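Q: no sequence for this one, just the structure:
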Ligand code: 13P
Ligand code: SF4
């Protein structure tokens, strides 16, 4: 089967039907271009599912990729990446998130979800450099959890996460002050403070530090309910950011009524709710979302069930609540992988998560029928900024002893952020 990247190229030249160029408001023909064309000319997340999201001012900008790395043939890229990997040996660790394109993931020494990648970054003592094929917040976390002498490198600095960028520390601090003005700071009779901040891993190091400083914690999609249990043991309410869907889906699965989960819109006074509503709330949900998972709909679930009797629908919990409700199961990327691996041969899966991961599962499991709930080939635009050319560029620099695109979180942020991360790592998954 062609990879997603190859399919996009085929659609572009008209050799395969598809709607990269039409039929979708968020996918464009620019997908087939080399990301270096975007680094210089088009600020924004680039083509793909998050292209319509607003890139905040001050986002990291990728510098010019040297001409010699542009438009190399696949064979040359492969030869040179393998040669650089071989030369660097155990000094190099390449980490890859499931959503990376196959053309990158084939070089990864470790592939995982964001939680596993965070753990992997602290358990490779021999690695002097970790090249993180994922997005910015993941590289920041790896930097904070690894030793100071280990360099974490993000091959393309424009690989951010539009959802992570929907909450920034100043706006969250304003919200926190409003909540403290409303609830005070005194604990209740059982010692629980009025609000505990919980940030999804998909957030800046500054927000993780905010949680560390204010008695809060980090969660990922694989441990969100255990983390919320932790938070409710210590607080009457949770302020959950940036992903409203993960917060709502997790809270609902824990039995929290919908009316006690209230969206906080920072552009409105008191987040858009009355004092009464906020006082009754158990979870305050920041109004962020993932543009990749927002694409999944109940209609797609119904269509999959109609066309494929017996289909199992599994979605990532960043999907809207109605979609999670309509699906058979919801869980992190690694949860989805494990479900597919454990299934009886001949199973049919409709999966609601990033297309590169779904296609890879389909390729690795020809014994099953596996397809993406959304038929439009539309990758996560920020993950897609990592192209093998950038990987080669940073690897050949490392071979020369040059560290490019190093991600360094200043210690004044890293120290409190580690507190929140360590709290998460100490929570036992349910
Ligand atoms: P996981 O935590 O499942 O790896 O997901 C990360 C992510 O960015 C999902 O959109
Ligand atoms: Fe961020 Fe969504 Fe991409 Fe995950 S899939 S990195 S949440 S934009």
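A: Sure, I can see it. What you see is a predicted model; the values in this text were computed from it and never measured. Ligands and ions are numbered 1, 2, ... in the order given.
Q: contact residues of the chain facing ligand 2?
A: Where the chain comes near ligand 2, counting by CB under 6 Å from any ligand atom, the residues are 50, 135, 161-163, 202, 290-292, 318, 354, 380, 382-383. Quick note: C-beta positions are derived from backbone N, CA and C, even for glycine.
Q: now the buried members of those residues.
A: Among those, those classed as buried by neighbour count (16 or more other CB atoms under 10 Å) are 50, 135, 161-163, 202, 290-292, 318, 354, 380, 382-383.
Q: near ligand 1, list only the ones from those residues.
A: 202, 290, 318.
Q: that older thread, helices - which of the residues of the chain next to ligand 2 land there?
A: Using DSSP state H, no member of the residues of the chain next to ligand 2 falls within helices.
Q: contact partners for residue 30?
A: Shown in contact with residue 30 (CB atoms under 8 Å, 6 or more residues apart in numbering): 37-38, 42, 46-47.
Q: tell me the contacts of the residue in the stretch 1-150 of the chain that ligand 1 sits nearest to?
A: Scanning the stretch 1-150 of the chain for the residue nearest ligand 1 gives residue 113, at 3.2 Å (criterion: CB to the nearest ligand atom). Taking CB under 8 Å, 6+ apart, we find residue 113 in contact with 97-98, 220-222, 332-334.
Q: kindly report the same for residue 69.
A: Residue 69 sits next to 36, 389-390, 392-393 when contact means CB under 8 Å, 6+ apart.
Q: out of these, who has the most neighbours?
A: Within the contacts of residue 69, most neighbours by other CB atoms under 10 Å means residue 390, with 29 neighbours.
Q: that older thread, turn the residues of the chain next to ligand 2 into JSON lines, including pLDDT.
A: Shown next, in JSON lines, are the residues of the chain next to ligand 2 (pLDDT from 0 to 100):
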{"residue": "50", "pLDDT": "92"}
{"residue": "135", "pLDDT": "97"}
{"residue": "161", "pLDDT": "97"}
{"residue": "162", "pLDDT": "97"}
{"residue": "163", "pLDDT": "98"}
{"residue": "202", "pLDDT": "97"}
{"residue": "290", "pLDDT": "98"}
{"residue": "291", "pLDDT": "96"}
{"residue": "292", "pLDDT": "97"}
{"residue": "318", "pLDDT": "98"}
{"residue": "354", "pLDDT": "97"}
{"residue": "380", "pLDDT": "96"}
{"residue": "382", "pLDDT": "94"}
{"residue": "383", "pLDDT": "96"}
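Q: just to revisit the earlier point, between the contacts of residue 113, which is closest to residue 1?
A: residue 98 (17.0 Å; CB to CB).
Q: look up how far residue 347 lies from that closest one.
A: 19 Å (CB to CB, to the nearest Å).
Q: between those two, tell me which one has more neighbours.
A: Set residue 98 next to residue 347 and count neighbours by other CB under 10 Å: residue 98 wins out with 25 against 17.
Q: now do the domain split for this structure, please.
A: 49-160+382-399, 165-290+422-426, 293-372 (automatic domain parsing).
Q: the stretch 151-300 of the chain: strands as residue ranges?
A: Here the stretch 151-300 of the chain has its strands, by DSSP state E, counting those that start in this stretch, at 151-153, 193-200, 217-219, 235-241, 261-264, 283-286.
Q: near ligand 1, anything from the second one?
A: Same thing as strand 193-200. No: if you take CB under 6 Å from any ligand atom as the test, strand 193-200 misses ligand 1, and the best it gets is 8.4 Å.
Q: okay, now the sheet partners of that strand, with direction.
A: Strand 193-200 has its sheet partners listed here by DSSP bridges as strand 217-219 (parallel), strand 235-241 (parallel).
Q: would you mind finding the most buried of the ones you listed?
A: By mean neighbour count, with neighbours taken as mean count of other CB atoms under 10 Å, strand 217-219 ranks first of the strands paired with strand 193-200 at a mean of 28.
Q: that strand and ligand 1, are they touching?
A: No: Strand 217-219 stays out of contact with ligand 1 when judged by CB under 6 Å from any ligand atom, the minimum separation being 9.4 Å.
Q: distance from the chain centre to that strand, please.
A: Relative to the centre of its chain, strand 217-219 is centred 14 Å away, using CA atoms, centre = their mean, to the nearest Å.
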